[in-house]
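Chemist: return atomic coordinates for the entry below.
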Amino acid sequence: MSKFVLLDRDGVINHRVVGGYVTLWSQFVFLPGVLDALRLLEQENHAVLIISNQAGVGKGLVAARELEEITRRFVQKVEEYGGRIHGVYYCPHRQEDNCGCRKPKPGLLLQAQKEHQFDFADTFLVGDSETDLLAAKNVGCPTIIISDRRTGNLDGLSYPPRAIVPDLYTAVQYMLGCRKSAD
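Modeler: I've put the predicted structure just below:
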């Protein structure tokens, strides 16, 4: 049986567009080491699910069909490198829409769990924001935060991550190490 890993997209898989959104494939740039990390997860029998707020759709900055095309192309590129994305879950709503699927609310995570039958307590969520931490807290999921900070002050967070790491590849090594020591 596969283990599952939940990944945010922007800031974890690809570079964030500062002050904006990825609206075209040409703006989608994989972060260093991501393709290797995703291949390693596939080799180690870990199913990757993307859980991401994509408010650019709700704000009219990117059409839903363009988001689908960006997703199709990034999933294809991951597969070309030996990785695999087992599911993609997006919230297209704006924050002011107050929907149940926009992180930190648990809607997307619950939908993914319902479709893939995994245990949140045994599933890492890797993100890059406090919103990701809160979403994980809402379902009891351990977290890893990607940050370019070498050290992090976790005292002020209501739900501190298990680790703060510089990139997805380091997060994957941490997860695999945790799982091997638990076996």
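Chemist: what sits up against the helix or strand of the chain with the lowest mean pLDDT?
Modeler: For the chain, counting by mean pLDDT, DSSP states H and E, helix 168-182 ranks last in confidence among helices and strands (a mean of 88). The contact list for helix 168-182 (C-beta atoms under 8 Å, 6 or more residues apart in numbering) reads 3, 5, 7, 12-13, 31, 33-34, 36-38, 40-41, 44, 46, 124, 126, 144, 146, 162-163, 165. Just so you know, the C-beta spots here come from the backbone N, C-alpha and C atoms, and that holds for glycine as well.
Chemist: just stretch 60-79 next, same as before
Modeler: So stretch 60-79 is in contact with 13-14, 20-25, 28, 30, 35, 38, 54, 56-57, 84-85, 88, 90, 92, going by C-beta under 8 Å, 6+ apart.
Chemist: at 7 Å instead, please
Modeler: 21-25, 28, 35, 38, 54, 56-57, 84-85, 88, 90, 92 (C-beta atoms under 7 Å, 6 or more residues apart in numbering).
Chemist: list only those of these flagged as buried.
Modeler: 21-23, 28, 35, 38, 54, 56-57, 85, 88, 90, 92 (16 or more other C-beta atoms under 10 Å).
Chemist: just the ones in strands from the residues you listed, please.
Modeler: 85, 88, 90 (DSSP state E).
Chemist: quick one: the residue lying closest to the second one once chain neighbours are set aside and Val29, what's the gap?
Modeler: Right, Val88. Leaving out its chain neighbours, the residue that sits closest to Val88 by C-beta to C-beta, 6 or more residues apart in numbering is Ile50, at 4.4 Å. Distance, Ile50 to Val29, by C-beta to C-beta, to the nearest Å: 16 Å.
Chemist: who has more neighbours out of the two?
Modeler: Ile50 (22 against 13; other C-beta atoms under 10 Å).
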